[in-house]
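Asker: my questions are about this predicted structure, shown below with the sequence.
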Amino acid sequence: MLMNLPNSLTWLRIMAIPLFVGIFYLPSEWLSPAAQNLVAAIVFGGAALTDWLDGYLARALNQTSAFGAFLDPVADKLMVAAALIVLVHLDRLDVSIALIIIGREITISALREWMAQIGKSKSVAVSFLGKIKTAAQMVAIPLLLYHDRVHDSFDSQMIGTWLIYIAAILTLWSMVYYLRAAIPHATHRH
């Protein structure tokens, strides 16, 4: 089932990447900087919601597939990496935080691939800690993209920064968790 509703939503998430990145390269005559921030945050937020929705629909409609299981995390990693790079470029995020998050994603993806090859993929299945990390990222990134204050009481940049730092800490913590789960398998011949 290469094309079903859940997979279509995942493809929409991938297609949203150039849209929310490109918004920041539009001439200011087309969109003011504040409007660019708002539109990019909305596009990313909508795409992030499809991450939850495609998984829910795949299970509810009994449309899970190996292709969907492959494509969904790829879409998430592409979307997050693109957003982090944009935020570094806009000087709204420290490059070290982006490197920690992107580096962990590459490391864990490679680890999962290796563990699948030796028949131990359940050892590095997504943990609850990984889900909390993802939730923190998916809330932090639109706040950092939005960047502006909401009234006088809600500073999206400050809250987004705190959340992305929490996500970076959880990123490191979850990476250690996955690596520790894999270490016993690294010393055995398969």
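Answerer: Arrived safely.
Asker: low-scoring pLDDT stretches of the protein, where are they?
Answerer: Applying pLDDT under 70 to the chain picks out residues 1, 119-127, 186-190.
Asker: center of it, which residue is that?
Answerer: The centre of the chain sits closest to residue 80, judged by Cα atoms, centre = their mean, with a distance of 3.8 Å.
Asker: roughly how far does it sit from residue 66?
Answerer: Taking Cβ to Cβ, to the nearest Å as the criterion, residue 80 is separated from residue 66 by 23 Å. In this view, the C-beta of every residue, glycine as well, is placed from N, C-alpha and C.
Asker: so what's the residue count around residue 108?
Answerer: For residue 108, the number of neighbouring residues by other Cβ atoms under 10 Å comes to 22.
Asker: and the next helix or strand past the helix or strand encompassing it?
Answerer: Assignment of secondary structure by DSSP states H and E places residue 108 within helix 95-117. Taking DSSP H and E as the definition, the helix or strand that follows helix 95-117 towards the C-terminus is helix 128-146.
Asker: quick one, what contacts residue 10?
Answerer: Contacts here follow Cβ atoms under 8 Å, 6 or more residues apart in numbering; on that basis residue 10 touches 50, 54, 68, 71, 72, 75.
Asker: I appreciate the help and will end here.
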